[in-house]
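Asks: Turn this into a model:
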Amino acid sequence: MTTRTKRHREVQRDDHTTIRYTVSGPATGTTLALVHGWGLDRSDFDAITEHLPDGVRVIAVDLAEHGESRSTRTDWTIEEFGRDVVAVLEAESVDSAVVAGHSLGGAVAVEVGRQLPGEVSHIVALDSLHYLGLFPAQGPEQVEAMEDLFRRDFDAGVRGLVEGGSPVGTEEALKETYFARMTAVRQPAGVRSMSGLVRWDMDAALGETEQPVTVFAVRELTDPEAVERYGDRVDFVLVDLGSHHFPVEAPEGTAKLLAGVLGSA
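Replies: Prediction:
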């Protein structure tokens with residue numbers, strides 16, 4: 001493992017939106033774009049980046065109002081988050097990339113592939129897309145219940161997400177760390193982006209996405225119904241690397257998974 005030199009950059013979008021991101025690796029290398037989950041930021045990928053092959057160019061993005069990125073926009077849809085990443089790839093003149101996203105970032109990765117069909121060669125979702133209560137578009141009653149919970153008791157909503165992503169035996173200290181980070185998400189983006197996720201039409205998005213999609217899903221948390229529903233469109237690979245946040249908990253193992261995709265892209 002070698003220590004990479006990271007270059008911190010930013011790109012300006014409409015609605016006073018500044019997207020900050022980090023680039024490392026050779027400009028001519030195979031490009032891997034990394035997108036964090038809801039309430040998190042690009043630092044989740046720091047350790048993974050150090051375990052990736054030297055020839056890979058890594059671009060890790062902070063979505064709007066996450067990490068160091070800022071925005072005053074009112075559109076908090078998954079499609080708009082996808083445009084955040086597209087703006088970065090265009091600023092870096094990327095003509096071919098694998099886009100990988102964790103959790104909400106997996107949905108964003110699908111949208112990036114949808115918006116850049118010629119430039120994105122493969123989409124990777126890290127424990128994403130298989131939670132049927134979050135990713136396929138929810139009905140009006142489910143959307144209203146989710147929005148009501150997060151507006152009425154935000155901490156309780158986040159606690160439910162953390163517990164739902166924690167297999168039996170997950171250390172309490174880890175869960176508390178994730179809870180603290182996610183409850184600190186900037187508002188109103190936090191609530192509105194969660195609403196954008198449960199309103200996102202994943203079925204339509206996957207239907208319009210041409211690239212292969214690989215989901216690395218935590219075995220204990222994967223609903224067989226999701227595999228049955230999307231198995232003809234998505235390659236599910238069940239992993240035993242930790243909790244929903246396994247990219248943070250097992251960076252070397254996650255890097256090996258990503259390197260395997262890069263080698264076949």
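
Asks: In three-state terms, how would the nearest residue to Ala250 once chain neighbours are set aside be classified?
Replies: Leaving aside its chain neighbours, Ala250 sits nearest to Leu241 (3.9 Å; criterion: CB to CB, 6 or more residues apart in numbering). Yep, even glycine has a C-beta here, placed from its N, CA and C like the rest. Put simply, Leu241 is coil when judged by DSSP: H, G, I helix; E, B strand; the rest coil.

Asks: Give me the distance between Leu241 and Arg219.
Replies: Here the distance between Leu241 and Arg219 works out to 9 Å (CB to CB, to the nearest Å).

Asks: in the stretch 51-200 of the chain, which spans are strands?
Replies: 56-61, 97-102, 120-126 (DSSP state E, counting those that start in this stretch).

Asks: Compare these and report which one is nearest to Glu210.
Replies: strand 120-126 (8.9 Å; CB to CB).

Asks: Please identify the deepest-packed of the strands of the stretch 51-200 of the chain.
Replies: strand 97-102 (a mean of 28; mean count of other CB atoms under 10 Å).

Asks: Mind giving me the packing neighbours of that strand?
Replies: If contacts are counted by 3 or more CB pairs under 8 Å, 6 or more residues apart in numbering; DSSP states H and E, strand 97-102 sits against strand 30-35, helix 104-115, strand 120-126, helix 251-264.

Asks: gap between the longest one and the chain center?
Replies: Which is helix 251-264. Here helix 251-264 is found 16 Å from its chain centre; the criterion is CA atoms, centre = their mean, to the nearest Å.

Asks: Pull out the buried residues from it.
Replies: Pro251, Gly253, Thr254, Ala255, Leu257, Leu258, Ala259, Val261, Leu262 (16 or more other CB atoms under 10 Å).

Asks: list the helices and strands it packs on?
Replies: strand 30-35, helix 46-51, strand 97-102, strand 120-126, strand 213-218, strand 235-239, helix 246-249.

Asks: can you list these in TSV and add mean pLDDT and distance to Glu144?
Replies: Formatted as TSV, the helices and strands packed on helix 251-264 follow (pLDDT from 0 to 100; distance: least, CB to CB, whole Å):
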stretch	mean pLDDT	distance to Glu144
strand 30-35	97	28
helix 46-51	96	37
strand 97-102	98	27
strand 120-126	98	26
strand 213-218	98	28
strand 235-239	98	30
helix 246-249	98	32
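
Asks: nearest to Glu80, of those?
Replies: strand 30-35 (13.2 Å).

Asks: and the closest one with strand 97-102, angle?
Replies: 30 degrees (axes from the mean of the first three to the mean of the last three CA atoms, to 10 degrees).

Asks: residue contacts, Glu172?
Replies: Neighbour list for Glu172: empty [criterion: CB atoms under 8 Å, 6 or more residues apart in numbering].
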